[in-house]
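Undergrad: pasting a predicted model and its sequence here:
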Amino acid sequence: MKITSIVLLTSLVALTGCATSVKPEVQPHEYAPIANGWVAWNHCISSGAVTPDIGALGTRYILSELGGKTYDQQRLDQEVASAAAKNRQVDTAFCNVMAAQVAQQKQQIDMHNAAVARDQQALQNTFINNQPRQVYCNTVGTTTLCNGM
């Protein structure tokens, strides 16, 4: 597996999280490395070198990254077919590196989601605690009991 394929697939796995109005275009020299990385990743999945969960997550991350770009689907399909015809072996070192990166990306997403949930809960608690409370008081004899809601 070429280093360029590893580097490109690594960059595809990283979710940018930045929204732009114009999608960047895949450059002509990028199609072959993308295709090689895609074929290699699918070899990792089909050979069992990565767990099904990691395989599915990695595939979702790659497709998400690719979905944020403009590209020629027919050209990419041709490059994938060409890469698949040339590359029929599983590079376990590549699979291990990619599986670790996918797991790391999942951890980062999970930590982000947990932080968002904490922030939402804190905001909700602040809103609830700052609401004016209605207090009801009942006097029975000489004793007055009040209840705030």
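TA: Sure, I can see it.

Undergrad: contacts, neighbours, all on C-alpha from now
TA: Will do.

Undergrad: mind listing the helices for the chain?
TA: 3-13, 31-47, 52-67, 73-86, 92-129 (DSSP state H).

Undergrad: can you redo those as JSON lines with mean pLDDT, distance to Glu25 and mean neighbour count?
TA: Converted to JSON lines, the helices of the chain look like this (pLDDT from 0 to 100; distance: least, Cα to Cα, whole Å; neighbours: other Cα atoms under 10 Å):
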{"stretch": "helix 3-13", "mean pLDDT": "47", "distance to Glu25": "14", "mean neighbour count": "18"}
{"stretch": "helix 31-47", "mean pLDDT": "94", "distance to Glu25": "11", "mean neighbour count": "22"}
{"stretch": "helix 52-67", "mean pLDDT": "94", "distance to Glu25": "10", "mean neighbour count": "17"}
{"stretch": "helix 73-86", "mean pLDDT": "94", "distance to Glu25": "12", "mean neighbour count": "15"}
{"stretch": "helix 92-129", "mean pLDDT": "91", "distance to Glu25": "24", "mean neighbour count": "14"}
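
Undergrad: dump the ones you listed to JSON lines, plus distance to Val22.
TA: Formatted as JSON lines, the helices of the chain follow (distance: least, Cα to Cα, whole Å):
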{"stretch": "helix 3-13", "distance to Val22": "18"}
{"stretch": "helix 31-47", "distance to Val22": "20"}
{"stretch": "helix 52-67", "distance to Val22": "12"}
{"stretch": "helix 73-86", "distance to Val22": "18"}
{"stretch": "helix 92-129", "distance to Val22": "24"}
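
Undergrad: between those helices, which one is closest to Asn138.
TA: Closest of those to Asn138 is helix 92-129, at 23.9 Å (criterion: Cα to Cα).

Undergrad: distance from the closest one to the middle of the chain?
TA: Using Cα atoms, centre = their mean, to the nearest Å, the mean C-alpha position of helix 92-129 is found 9 Å from that of the whole chain.

Undergrad: now it against helix 31-47, angle please.
TA: Computed by axes from the mean of the first three to the mean of the last three Cα atoms, to 10 degrees, the angle separating helix 92-129 from helix 31-47 equals 90 degrees.

Undergrad: by contact count, what packs against helix 92-129?
TA: Applying 3 or more Cα pairs under 8 Å, 6 or more residues apart in numbering; DSSP states H and E, one finds that helix 92-129 contacts helix 3-13, helix 31-47, helix 52-67.
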